Every structure is written in structure tokens, then in C-alpha cells.
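K.L.:
Mind looking at a prediction? Sequence and model below.
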There are 2 protein chains.
Amino acid sequence: SAELWRNFQEFAAKAVQMGASDPRKIVFSAKMGLALMLISLLIFLRDPIQDLSRYSVWAILTVVVVFEFSIGATLSKGFNRGLGTLSAGGLALGMAELSEFAGDWEELILVISIFTTGFIVTYLKLHPTMKPYEYGFRVFLLTYCFIMVSGYRTREFIHTAVTRFLLIALGAGVCLVVNICIYPIWAGEDLHNLVAKNFVGVATSLEGWFLDHNHIGCVNGYLNCVEYVKIPSKILTYQASDDPLYEGYRSAVESKSQEESLEGFAIWEPPHGPYKMLRYPWKNYVKVSGALRHCAFAVMALHGCILSEIQAPAERRQVFKQELQRVGFEGARVLRELGNKVKNMEKLGHVDILFKVHEAAEELQTKIDKKSYLLVNSESWEIGNRPKVLIDTQDLMNMEDNNRVLEHKSRSEAVLDFRTALKSWDSKDHIMDIKSTMATGVPSDKMPSKQTSWPARSSFDAGVPAAVPEEESRTYESASALSLATFASLLIEFVARLQNLVDSFEELSEKANFKEPEPLEPSEVCGFWTRVRKFLCC
Amino acid sequence: SAELWRNFQEFAAKAVQMGASDPRKIVFSAKMGLALMLISLLIFLRDPIQDLSRYSVWAILTVVVVFEFSIGATLSKGFNRGLGTLSAGGLALGMAELSEFAGDWEELILVISIFTTGFIVTYLKLHPTMKPYEYGFRVFLLTYCFIMVSGYRTREFIHTAVTRFLLIALGAGVCLVVNICIYPIWAGEDLHNLVAKNFVGVATSLEGWFLDHNHIGCVNGYLNCVEYVKIPSKILTYQASDDPLYEGYRSAVESKSQEESLEGFAIWEPPHGPYKMLRYPWKNYVKVSGALRHCAFAVMALHGCILSEIQAPAERRQVFKQELQRVGFEGARVLRELGNKVKNMEKLGHVDILFKVHEAAEELQTKIDKKSYLLVNSESWEIGNRPKVLIDTQDLMNMEDNNRVLEHKSRSEAVLDFRTALKSWDSKDHIMDIKSTMATGVPSDKMPSKQTSWPARSSFDAGVPAAVPEEESRTYESASALSLATFASLLIEFVARLQNLVDSFEELSEKANFKEPEPLEPSEVCGFWTRVRKFLCC
């Protein structure tokens, strides 16, 4: 009994929590109760008209089936139901008339017509393009069979059909009035909010929250060498997990089917609220979200670098820290800003929203260009072996090469002695490797803590000469340095994908007639006190 | 009229095509027609029992609603319907008894109870965990209201409830008999085939078909420098497209919700065919598919390298061609083999299926290690500036460095003179760049043909000194070389993810009790004629 009581408490807590997180669910449930109550009352009141209330089941059935969460879904189901009933009623009446001519064979013809209709309608229903009308097909079948069977028994085909239709109309009318007039819930609004939320999710995955330091995004996580002691198997099998970095982009990637169904409902909704336009471009919200998804896949690939077995040494990451961080920050800023603009339905204006993030990415690119020796290991270069491809163009090389080198020297401030340069750099590189090995532990030691074990696999092989593990580990080091290059170029790829996102946003903002952004308030003009007041108000 | 006729022809062609591609759809439609016909016949035959057939609508409704494509879906809906009807019937009868005590207030109490029930049931239905029982809740509401309203009118609460239940049972019985006894369609089989198909899709995306050269996978596409003149906007917004490379991994990524609903139905199905086991581990099929999805995301990132603005020069790709191709080939082979094993329900046996692909990846890694100078541009290195981090460990460096260099020299066959080496390599690098620029066109010329324009953006800026575009283009070249490194390390990451896939497959094959693989037939023994006969038979 105590057990039961505890279960009940848990259950009640869950129910209350659901209502608190989305109060519309409470409102909707109350509306459903109200609609059912109204239809029952109508049937009670109409008690004298015995005949009508005998078919009361149709009105109740219509309310139960058609009353959906959003206005769009209700309208779409109501339309399906109406169309299915009307067309099936027409066909059934026609068939009934025809079958009467058949005399004794009437029953057979009725049964065969039921089989044929059932076959054809079910077959058409299975075509993928018919999915939105699935319910309409069901209603069609139900109505057809019901009128045939019940009409045959009572010989009142037309009466059955008309009564049925009237009661369905009554139920649908109650549904629509209650659902639209009392606190309407719009699918379009849901879609709008979902898209805006996805922007925040991807930005969070990329860069984490500003305030809450427990939520670390990809970029900072990578720089701080966040490592999973054991990668949650939910991530490895792409299931929902409570890792905020992962959930951010995952929900953006996963929301596709939800968006599509919301779009399917939203196009049924009349202009309302801020969506004052016939043929509102809901499709473009889905398109913007698709472009965001394309960016989210780049963030997913960045996350892959954190999940990966092969990790770049922490020191080398620090070299690019500032640039990587800036790109991450600016990228997330663009996402948040676009998300806000979607939410507030504002146009971009004349600001180049991508300017700063492009600048940051170019800075990163230049830094990589200058420090790319950190991204590779030089030890194993077979510099002596000249690849065959190049021999043909030898002459061209000599000429062009001299030009370039001169130009380069004249531009650089310090004249470099290449010999010393190479030497010092080569030795630097060694230190890097040693330090990285010390910092992150010997690769083969680290492996068993993770799930996948491949990159270190061969080190455990028996019977290999002692020299091989050494070479193996050097190869591993080189791979680990390259993984930093991968992270950087994936980040740059992410930035490149933003252009496409901005383009789809602009298309949306044009088609949906978003408002012009407010001009920036002249914050310099307002004095010290205004700012203090503002500060206090916040 | 000709227009109409053409439309009809198109329509008929589509319908025939659907039937040809999945004949089960035809069978299912015929079964649906048969079930409806049977239930109508039963009602016609029972004509004398006027009373029962007055409620005939319930039997028809049950057939229309419960008859689903797969056995599992039918059983699950039937269960929902049965449970909803029974529990609502019980509650309604209880409430009706109670309300009779209320005397004059009876009607009010009935209406209030309808509102309360409607509210509570709808609210519970909205909880995400209740999704599989959504239909049961609807039936509950319908039954409750119907019995209340109709029972109040006729004062035959129990009679209404019992008749209704009997007719629903009749309808459900017809459904089950027809659906299970005639050509049953199992959701579990669908799930099994879907998972196996996903393997083939990802393998195709990775490596293309062997036979059809129009279907080029990621790896060969990258090596052949396949470029999209204009990236289909469907790919940029993650919609279905007819690009086979894209569709292969996309369908594997997209199939998640389909798998989950199939799993939800499959667990309702009794043991059948090759799935002879109570509590068959359908969950593990979904898990294997999830692990495959994790690999598919790596393939998606590889595809991103082909879509990317920044492309590596063709010559450098050729240097790694053999190794990249081998990894791609072996990776796809592993996927195809695992897919076949899933399809044929065979265990892995004692073969290390990943051995060859690991070997290939290690080869690629070694090659990268040796040729990593091709992955970076050396021109802009600030070799003179020694990073500050390193100064502390200067002593360690000297010691360790000498050891390493010696060791390295003794192992390598040719003793390198570093000065000449650097020079020749540096000039080689130049040629590479020039050739690549010639081969793929000057970067800034190529850009406008694509959608995104960022990486070349600043080249078009007005008023920049002449030196900057030069530097800009150099930075671009360095990025383009790094993009090859990215491709290679993403490919290695893909290989690393295979381990996880193999692990989940092994879990599945254990739990589902797959058969041991057949020992390899001694193909050497069979003579020439056997092989000719085999060849002729195929």
C-alpha cells in the first residue's frame, strides 16, 4: 500500500510537471472535456427527436476523432472526415439504386461492391503521397460499408446517409467552435517556435552557454580537452541522451518529421496573430530549418572530433586557442542572432551579419597557414624521393620558384636562414610530441578506457619486433596532430555553410514579409543615469 | 478529354508500378476487401437478430480501424481497442449506477462526469510516454461517452455495453483471422530488411556500386574530383534528392522513426518464421541500425568534403589515391558483409572482420605520416619565432632530440641532407600549387558557379592593395591542401567507428541466436567444370 501510494505520488508529480512545462496541455484537455459535454447536452436536449439521437454515436465519434491539439490538425481532420463521408455517401447511394435493379442478386452485388471498394480504396491509401489523406480514406470505407449494410436492412439508404451526415456536421461544428473560439492553439506558432529553438540548440552545441559553465560547447570543450571517460552508448547509437552538447544539435537534426507534420497542419490554418497573410510561407520555415540542419551536421562532425579516439595534444590546441574560440563565438553569435530574428520576425537589414565570423575564420585560416608545421609530424618525411608527377614541369618550377621566393623574402621582415630554421623547428616539434605524450598519457595506456580500441590495436599484437610499436606510436602522433587540422577545417566548413543559412533566412524574411529591424538606438547619447537605471531595471 | 485520359493513364501507371515494386500492397488491399465483405455477410446473415445488427456499425468500425498493414500493428490496435472498450465500459456502468442515486440531479452528474473523464483522459494521453496507447485513450473516451449518452436514453446501460463489446469482438475476430491466416505481413520482417538495406545504402554512399559506374561513392568521387556545378539545394536543406551518393546515407540516417515504429509493432508479434523465440530482441536491430547511423554520419562528413567550397588540388589527392581507395573499398566491404550477415542471420564466427580495413587504415596513416608535407603549405611558416611554451623544456629537448634523430637515421635507408631536402621540397610544393591552380581553375573564377561564396569573398573587395589578394589566395591554397588531410582523417574516423558497429552486431547475433556461419567451402578442390557450371547457372 505504501508502495502504491508512492507510485501514485510519482505519477501525480509527473502529471503536474507536464502541465507546468506546457500549460496549453491543460487548456486543451479542458477544451476536450467541454466539447464532449456540449455534444452530450445537445443529445440530451434533443431527446424528443428520438430518431436523430439514435444516431448520436456519430456525433460523439466525430468529436473524439476530430478534436486535435492544434487548429490546423482539427481543420485537416474535419475536412478529411467531411469529404470522405460525402463522397462515400454519394457512391453508396448510387450503388444502392443500381443494385435494386438486380432483383434476387442484390445481396451478392452489395457484397461484391463492398469488396471492390475496400480493395481499391485501401490500395490507393498505401501510396506515399496519400499519407495526409489517410484518415479520409478510412472514413470513406467506414461510411460506404455502413450505409450499404444498414441501408439494406432498413431500406432507408437516403435517410441513413442524411442523418449520419447531419450528426457528423453537428459534431464537427461543436469541435470547431470550442477549439477555435477558446484559447486557440496554432500549429504555425509551434512550427515558428520550434525553428527558433533549433537555432539556440545548435548555437549551444557549438559554443555552450555564456553563463552556465557546466554547458560547454564543442569549441571550448575541444580546447579544454574535454574527454569522455566512456562515450555514452546512446551517442554511439544516436539515441536521446542528457549530454547538453549532444542534445543541442541532435534535437535540431531530429526535428525534421515534427516540422513536416506541423507544416502540414499549419497550411490549414487561417491567417492569425502575426501571420497575417493568405498562403503564409510555412514551407520556408521548414527550409530554413533544413539549412540549419546542414550546419548542425558540421557541428556534429566537430563533436565527432571530441568523441574520436585520436586526440590532438593539448599544447597544440592552445596555439590556435584564440582563433578557434573567436570563430566559435562569432559562429554561435550569428546563429543566436538569426534565431532571434526568426523569433521576432525581423529582417536582416543592411548589416552583413556574417562579416565578423568570416573575419574570424580568415584569421584562423591565416594562423593555420603560418603554423601548419604544428599540424604535421616531420620525422617521417621521405623528402629525398621526388614524386614522378613533378618531373615534367621542372622548367616551369625553376622560373616561378625563384620569383616567389624573392617576393616572399622582400615582404617578410626578418630574413630567414632556412637551415637554422629547419633545425630549430624540427627539434621544437620533438618537444611537442614528448610533452603531449606526457600530458595525455601514452596512447596505448589510454585506450582501454574507451569503447573502440582500434587505433591502438596493433600495439598489443604478439610477436612483432620491438621497433614496430615505436613506429606505430609515431604514426599515432602524426594522426593526433592532424586531428587538430581536421577540427579547424571542419570549423571553417561550418562557417562556409552559414552563407546558405543566411540565404534561406533572407528568402523567408522576404516571402513572409518580416518587419524591418529597428534602427540601433543611439546608446552613446544617453547619459550615465539612463544607463544606471537600465542596469537596475534588468 | 484527352488531357483527362492522359492523367488517368499516368495515374494507372503509378498504381501498377506501386504494386509491382511491393506486391504485398496488393495482397493487403485484397485482404482488407475480404474482411469487410465477411463482416457485411455476417451482418446480412444475422438479419433475424434485429437487435444485434442495429449495432452493426461497431463491427464495421472495428474492421476499418483495426485492420493494419502488419500483424503487429493489427494486434497492437486490437489490444488498445479491447482494453479501451472494456475499461471504459466498466467505468461507465459504475458511474451510471451511482448517478441513479442522484435522482433529479442525475443528468447534471452524467454531464459533469463526461467533462471530468474527457479532461483526465485527454491530459494523460498527451504525455509522451503514452504515445503507443493514443488509440486506446480515444476508444476509452468514445465508449464512455457513448454508453453514458445512449444508455441514459434507453436505460439499457448493460445491454448497450455488452452488445457493443460483442460486436467489437466479432469485428476484431474477423480482422485477426483474415490478417494472420492469409499471407501474413510481419513488421519484424520489415524491420529486419530495413536494417539490412541501410547497410547497403551506407556502403554505396561510401564506395559506389562495383558494377554501375554511374554510381560513384564518396571515396572515388573525391579522388576523381567530382564537383557539383551547383550543389542541389535539396542537399543543403537536407531533403530527399535523387543523388545516389546522398540518398544512400540519408535513408540510413532518416529511417530512425520508421525503425522505432516497426519495433513498436514487432514486439506484438508472436514467434514466426526465422524469429522463433519469445521476446525476440527487436530492440537490438534498432541498436545496430543506430550504430550504423553513427558510421553514416562519418560518411556524411566525407560527403561534406566533396560539397565543400575549399577543394584539395587533384594532384595531391592522386598521391594518396591507392591508400584512400583501399580504405574505402575495405570499409564498404565490411559494411556489405555485415549487412549480409544481418540479412542471413549469421554470426560473425572467428574471423576478425575488421582486420583488413584496419590494415588499410594504418597504411593510409603511415602514408600520411610520410607525406604530410603535401598536406600543408610551407611558405608562410614563421619558423623564426619560437613559441614561448617550449622554452621551459629546452634541456629535455636536446637530449631526447639527439636520440631520436640518430635512431631515425639508422632506420632510414637513405641518409638525408636536410638542406637540399628542404629546398627541393619547397620548390616541389610550388609546382604543385601552380598545377592545381591550372587544373581546377583560379579559385576566384570558380566560385560564382557555386552557391556559397564566402572563401573567395575578400578577393572581390574594392580598394585593397594588390598584395592582399595574393596573400588571400595563398591562404586559400593552404586551406585547400588541409582539406585533403580532413578527408583522410574523417575516413580514418569512419574506420574507428566500425568497431562499435561490430560490437552491436555481435550483441544482436548473441541475443537473437543467429546461426554459426558455414565453414568456407573448399573452393580450390572443385574442378574446372564445377566452376563453369556454377557460372552458367548464375
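P.N.:
Okay, I see it. Numbering: from 1, shown residues only, chains lettered A, B, ... in the order given.

K.L.:
State whether A:His350 is indeed within a helix.
P.N.:
No. Assigned with DSSP: H, G, I helix; E, B strand; the rest coil, A:His350 falls outside any helix and is coil.

K.L.:
pLDDT value on it, please?
P.N.:
Reported pLDDT at A:His350 in the predicted model: 81.

K.L.:
Check A:Asp212 too.
P.N.:
48.

K.L.:
so what's the closest residue to A:Ser87 other than its chain neighbours up against?
P.N.:
Sequence neighbours aside, A:Phe140 is the residue nearest to A:Ser87 in space, at 6.3 Å (criterion: C-beta to C-beta, 6 or more residues apart in numbering or on different chains). All C-beta spots, glycine's among them, are computed from the backbone N, C-alpha and C. Neighbouring residues of A:Phe140 by C-beta atoms under 8 Å, 6 or more residues apart in numbering or on different chains: A:Gly84, A:Thr85, A:Ser87, A:Ala88, A:Val121.

K.L.:
Establish whether the helix or strand where the last one lies and chain B are in contact.
P.N.:
In this case it means A:Val121. Per DSSP states H and E: A:Val121 is located in helix A:106-125. Yes. Using C-beta under 8 Å from any C-beta of the partner chain, we find that helix A:106-125 touches chain B at A:107, A:110-112, A:114-120, A:122-124.

K.L.:
Find the helix or strand that A:Leu364 is a member of.
P.N.:
Assigned by DSSP H and E, A:Leu364 falls in helix A:355-371.

K.L.:
For the helix holding A:Val121, list every residue counted as buried.
P.N.:
A:109-111, A:113-115, A:117-119, A:121-125 (16 or more other C-beta atoms under 10 Å in any protein chain shown).

K.L.:
Taking those residues together, which two end up most distant?
P.N.:
For the buried residues of helix A:106-125, the maximum inter-member distance is 24.0 Å, found between A:Ile109 and A:Lys125 (C-beta to C-beta).

K.L.:
hmm, back to that, closest to B:Ala187 among the residues of helix A:106-125 next to chain B?
P.N.:
B:Ala187 lies nearest to A:Thr122 out of the residues of helix A:106-125 next to chain B, by C-beta to C-beta, at 17.5 Å.

K.L.:
Below-threshold pLDDT in chain A: ranges please.
P.N.:
Of all residues in chain A, those with pLDDT under 70 make up the ranges A:46-54, A:153-155, A:208-216, A:227, A:229, A:372-374, A:376-479, A:519-538.

K.L.:
Which helix runs longest in it?
P.N.:
Longest helix of chain A, by residue count under DSSP state H: helix A:467-511.

K.L.:
quick one on the thing from earlier: out of the buried residues of helix A:106-125, who's nearest A:Ser289?
P.N.:
For the buried residues of helix A:106-125, with A:Ser289 as the reference and C-beta to C-beta as the criterion, the closest is A:Lys125, at 28.9 Å.

K.L.:
Packing partners of the helix holding A:Val121?
P.N.:
Applying 3 or more C-beta pairs under 8 Å, 6 or more residues apart in numbering or on different chains; DSSP states H and E, we find helix A:106-125 packed against helix A:71-100, helix A:134-154, helix B:2-21, helix B:24-45.

K.L.:
Figure out how far that helix is from the centre of its chain.
P.N.:
Per C-alpha atoms, centre = their mean, to the nearest Å, the displacement of helix A:106-125 from the mean C-alpha position of its chain is 43 Å.

K.L.:
mind listing what A:Gly188 touches?
P.N.:
A:Gly72, A:Leu262, A:Ala266, A:Glu269, A:His272, A:Tyr275, A:Tyr280, A:Trp282.

K.L.:
beta partners for the fifth one?
P.N.:
A:His272 forms beta bridges with A:Tyr275, as assigned by DSSP bridges.

K.L.:
residues in contact with it?
P.N.:
A:Pro184, A:Trp186, A:Gly188.

K.L.:
any idea what sits nearest the last one, other than its immediate chain neighbours?
P.N.:
Right, the one you point to is A:Gly188. A:Gly188 sits nearest to A:Ala266 (C-beta to C-beta, 6+ apart), 3.9 Å away.

K.L.:
Nice, that's everything, thank you.
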